[in-house]
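Below is the sequence, then the predicted model.
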Amino acid sequence: MFGDFKNGVVAGVVAGVLWGCGSMLVNSMSGAFVFEHSTSFNFVVFAVGGAIFGVITSGFLVLLGNRLPFKGVFPKAVLVSTSLWLVLRLGGEGLAITVPERYHPDVAQTIQGFLLAVALGAVLNLFWKKNPAS
Amino acid sequence: MELVRDRESSKALLLAVLVVAMACAMVVIAYGMEQVAPGVHDAFHDFRHVLGIPCH
């Protein structure tokens, strides 16, 4: 295992909440999507969603970290977060192909989502504590 | 010694279950699966768009 599992989960929650709230800010500046819910509601939703994405990313980083072809935490975290996003995005593309009347892909939002996935890896790197015993 | 090992194993198992549950939640949120969790599509609608996941 790459680091301590408990520390990884805690780092994932903290990094994810910050990343989620930061995502709101980034979207407000980019204008890729016009928010439909209120800021206060979205603040909670993005924090919860961010925490979940952060835990998953850190969980995979703990499990796969030693097998990834990089030495530092930063490239490993970015590889895991972007890979997860890519899997979800490809699944979304599949839905858009099979149910085109409901799921509509958007290029600007996709580019923003990819950059935010990179950012999640970068934020997780800041909160990652590698267990010296591992 | 045995007790400490059991406690560590239980803690690791609990965390593993947590991550698996979170993984399921992530998929439900990402695709707005109303059949699994009613209201999840609307609640996480903006979050999904910001991350670039296709939506209506």
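Looks like it arrived, so ask away. Note that the coordinates shown come from a computational prediction; the quantities given were computed from them, not determined experimentally. Residues are numbered from 1 along each chain as shown, chains lettered A, B, ... in the order given.

Low-confidence stretches in chain B?
B:1-4 (pLDDT under 70).

Kindly report the same for chain A.
A:130-134.

Please repeat the previous calculation with a cut-off of 90.
Applying pLDDT under 90 to chain A flags the ranges A:1-9, A:59, A:62-67, A:69-72, A:95-96, A:99-105, A:128-134.

Quickly find the element holding the most centrally placed residue in chain B.
For chain B, B:Met22 is the residue whose C-alpha lies nearest the centre (C-alpha atoms, centre = their mean; 2.0 Å). If you go by DSSP states H and E, B:Met22 is part of helix B:2-31.

need the next SSE after that helix, C-terminal direction.
Using DSSP H and E, the helix or strand that follows helix B:2-31 towards the C-terminus is helix B:40-43.

Tell me which residues of that next one come out buried.
B:40-41, B:43 (16 or more other C-beta atoms under 10 Å in any protein chain shown). C-beta here means a position set from N, CA and C on the backbone, and glycine is covered the same way.

and that helix, is it in reach of chain A?
Yes. Counting by C-beta under 8 Å from any C-beta of the partner chain, chain A is contacted by helix B:40-43 at B:Ala43.
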